[in-house]
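Student: Starting from these lines, generate the structure:
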Amino acid sequence: MHSSRLRALVRDDRGTVTAELAAALPAVVLVLVLALGALQASGLQVRVVDAAAVAARSLGRGDSPGDAEGRVTALIGPHELSSGVDGEFVCVRVAAPVVFVAGRVPGLEVSARSCALTGGR
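Tutor: Predicted coordinates:
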């Protein structure tokens, strides 16, 4: 009698691990997607900082705004670039949209500002 009760309990538990995995799997996938997106955004931030520095140095040397724009496009792709002179410095702000796994996230962008001495000094 005892062994038949044990067999019945074992049969009743069949499939519970599969059901629990099926319930938890979407949450695990979501966490992985969010983690990958955060990694992409932080990598883009590093590239935007570099691009802003390159553009500021380029404009500081006296290169045309089109040349600076081209260098930034080569580094980070789609972006917004604005520049201005502040005393002896030329300052540049570069912003780029965050592309999250398959597409852009509306309203989410990374930006950086960099300044360089004018006249190539």
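
Student: can you list the weak-confidence ranges in this protein?
Tutor: 1-15, 101-102, 120-121 (pLDDT under 70).

Student: run the last query once more with 80
Tutor: Confidence mapping of the chain against pLDDT under 80 gives the ranges 1-19, 100-107, 120-121.

Student: Tell me where this structure has strands.
Tutor: Secondary structure of the chain, counting by DSSP state E: strands at 80-86, 89-100, 103-117.

Student: would TSV of these with mean neighbour count be doable?
Tutor: Any C-beta I mention is one placed from the backbone N, CA and C, and that applies to glycine too. Below are the strands of the chain laid out as TSV (neighbours: other Cβ atoms under 10 Å):
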stretch	mean neighbour count
strand 80-86	13
strand 89-100	20
strand 103-117	15
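
Student: So which of these is nearest residue 42?
Tutor: Closest approach to residue 42 among the strands of the chain is made by strand 103-117 (8.6 Å; Cβ to Cβ).

Student: and the angle from the closest one to strand 80-86?
Tutor: Strand 103-117 and strand 80-86 meet at an angle of 20 degrees, taking axes from the mean of the first three to the mean of the last three Cα atoms, to 10 degrees as the criterion.

Student: pull the CA atoms of strand 103-117 into PDB?
Tutor: Only the C-alpha atoms of strand 103-117 are listed here, as PDB (Å, rounded to 0.1, in the frame of the first residue of the first chain):
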ATOM      1  CA  GLY A 103      15.200  49.400 -32.500                       C
ATOM      2  CA  ARG A 104      15.500  52.900 -31.100                       C
ATOM      3  CA  VAL A 105      14.100  53.700 -27.700                       C
ATOM      4  CA  PRO A 106      12.000  56.900 -28.100                       C
ATOM      5  CA  GLY A 107      13.400  59.600 -25.900                       C
ATOM      6  CA  LEU A 108      16.400  57.700 -24.700                       C
ATOM      7  CA  GLU A 109      19.800  59.100 -25.900                       C
ATOM      8  CA  VAL A 110      23.300  59.400 -24.600                       C
ATOM      9  CA  SER A 111      25.300  62.600 -25.000                       C
ATOM     10  CA  ALA A 112      28.700  64.100 -24.200                       C
ATOM     11  CA  ARG A 113      30.300  67.500 -24.300                       C
ATOM     12  CA  SER A 114      33.900  68.200 -25.000                       C
ATOM     13  CA  CYS A 115      36.000  71.400 -25.500                       C
ATOM     14  CA  ALA A 116      39.300  72.100 -27.200                       C
ATOM     15  CA  LEU A 117      41.500  75.200 -27.500                       C
END
